[in-house]
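In: give me coordinates for this.
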Amino acid sequence: MKFGKLFRATVDGRMPQWKAFVVQYKELKQAIKKLVAKQRTPDAASPDGLVASFTQLLDVEVSRVNNFYMDRIEEGVIILQLLRQESDGVVAAAASSSGLSLAAQRHACKQQLVTFHLNLLILQNYVALNFMAVSKILKKFDKQLRSHSEPSTRQRSWICPSIAVRRSASWLRTRRRSFMRWRRSHHRR
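Out: As a prediction, the model looks like this:
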């Protein structure tokens, strides 16, 4: 299966709600085809002009993906704080009374943590998928538009979400783990 089809199938199957926020791989691929056609015309733009044109398109895509990613990270931090507050409320309720409502509150809190964890995993897949799309499109661009004597476009440092995801997702996982340890220690008391 070609990467473009795999990319679309993965986005449609695993994260359809984020479809509008992934790298537009097909459009970038079509842009490369247009640039190749332009390069072959007698009045072709300079190679630097073609690179600048493609770089501008790619920068827009990567910026859009990064902005969406950072918004999801901010939401994750807020949700984690709300879960901590809710857990504090459950601990306070456990100290004052016991009963069915307390068990229901604990169950609801656990369900929210599971949902939070699932969303983190989807976000991690989102980042990996977009990083792969950017890598593939850069490889395609280099293959079709660059001569071997020129430096590779892939050598340019695009700020891709995977750079930030390792830090942010790792930070969120660490915060979630410390929250879970804290929660367990408070529920035992």
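In: any idea which element the residue most central in space within the chain lies in?
Out: Most central in the chain under C-alpha atoms, centre = their mean is V127, positioned 3.1 Å from the mean C-alpha point. Taking DSSP states H and E as the definition, V127 sits inside helix 100-145.
In: the closest residue to F68 other than its chain neighbours: what's it in contact with?
Out: Computed as C-beta to C-beta, 6 or more residues apart in numbering, the closest residue to F68 that is not its neighbour in sequence is F21, at 4.0 Å. From N, CA and C alone the C-beta is placed, and that goes for glycine too. Contact analysis of F21 by C-beta atoms under 8 Å, 6 or more residues apart in numbering lists 64-65, 68.
In: any chance of a markdown table for those, columns neighbour count and secondary structure?
Out: Converted to a markdown table, those look like this (neighbours: other C-beta atoms under 10 Å; DSSP: H, G, I helix; E, B strand; the rest coil):
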| residue | neighbour count | secondary structure |
| --- | --- | --- |
| R64 | 16 | helix |
| V65 | 24 | helix |
| F68 | 18 | helix |
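In: which one of those sits closest to S135?
Out: Ranked by distance to S135 (C-beta to C-beta), the contacts of F21 are led by V65 at 13.0 Å.
In: so that closest one sits against N130, correct?
Out: Yes: between V65 and N130 there is a contact under C-beta atoms under 8 Å: 5.0 Å.
In: hang on, the earlier thing: quick check: the residue nearest to F68 vs A45, distance?
Out: Distance of F21 to A45, computed by C-beta to C-beta, to the nearest Å: 31 Å.
In: which among the contacts of F21 gets closest to G89?
Out: F68 (31.6 Å).
In: so how far is Q56 from the closest one?
Out: 19 Å.
In: pLDDT-wise, which helix or strand of the protein ranks last?
Out: helix 161-188 (a mean of 56; mean pLDDT, DSSP states H and E).
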